[in-house]
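Visitor: please find the sequence and the predicted model below.
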Amino acid sequence: MSKELGSGTGALTEFIRRCEAAGGVPIIRTKYGGKPLKPAGRVIVACWGAKDQVPGGSISDVPPDVIATLQKERGAYKKLVPSF
């Protein structure tokens, strides 16, 4: 079980911002072994290239529409966070 980092879209966007600010690329997994994560609404996050500064873990209660967007296209996390 990975470390719980928070819940909801707010926690997800905060992770993305912290990862990008550290020079990393956010990785958001909605499935593991080809199967959706349980409980529903959970994602696993990691920060490629800056994992020492921004540790990964899991985020719960992510809305189904956000998960669907993340599953459809690569780099969809950029749509969740306005440029800064």
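Guide: That came through fine.

Visitor: how about low-confidence regions in this structure?
Guide: Scanning the chain for pLDDT under 70 picks out 1, 82-84.

Visitor: ok, which stretches of it are strands?
Guide: Remark: strands assigned in the chain by DSSP state E are 4-7, 25-29, 31-32, 35-36, 43-48, 57-60.

Visitor: now what about the fourth one, what contacts it?
Guide: So that's strand 35-36. Contacting residues not belonging to strand 35-36 are listed as residue 30 [CB atoms under 8 Å, 6 or more residues apart in numbering]. Any C-beta I mention is one placed from the backbone N, CA and C, and that applies to glycine too.

Visitor: on that earlier part again, which one of the strands of the chain lies closest to residue 74?
Guide: strand 25-29 (10.6 Å; CB to CB).

Visitor: nearest to residue 18, out of the strands of the chain?
Guide: Nearest of these to residue 18, taken as CB to CB: strand 43-48 at 7.6 Å.

Visitor: what helices and strands are in contact with the closest one?
Guide: Contacting strand 43-48 under the criterion 3 or more CB pairs under 8 Å, 6 or more residues apart in numbering; DSSP states H and E are the following elements: helix 8-21, strand 25-29, strand 57-60.

Visitor: let's see it at 10 Å
Guide: strand 4-7, helix 8-21, strand 25-29, strand 31-32, strand 57-60, helix 64-72 (3 or more CB pairs under 10 Å, 6 or more residues apart in numbering; DSSP states H and E).

Visitor: sorry, back to before: which one of the strands of the chain lies closest to residue 71?
Guide: In terms of CB to CB, the element of those nearest to residue 71 is strand 31-32, at 7.7 Å.
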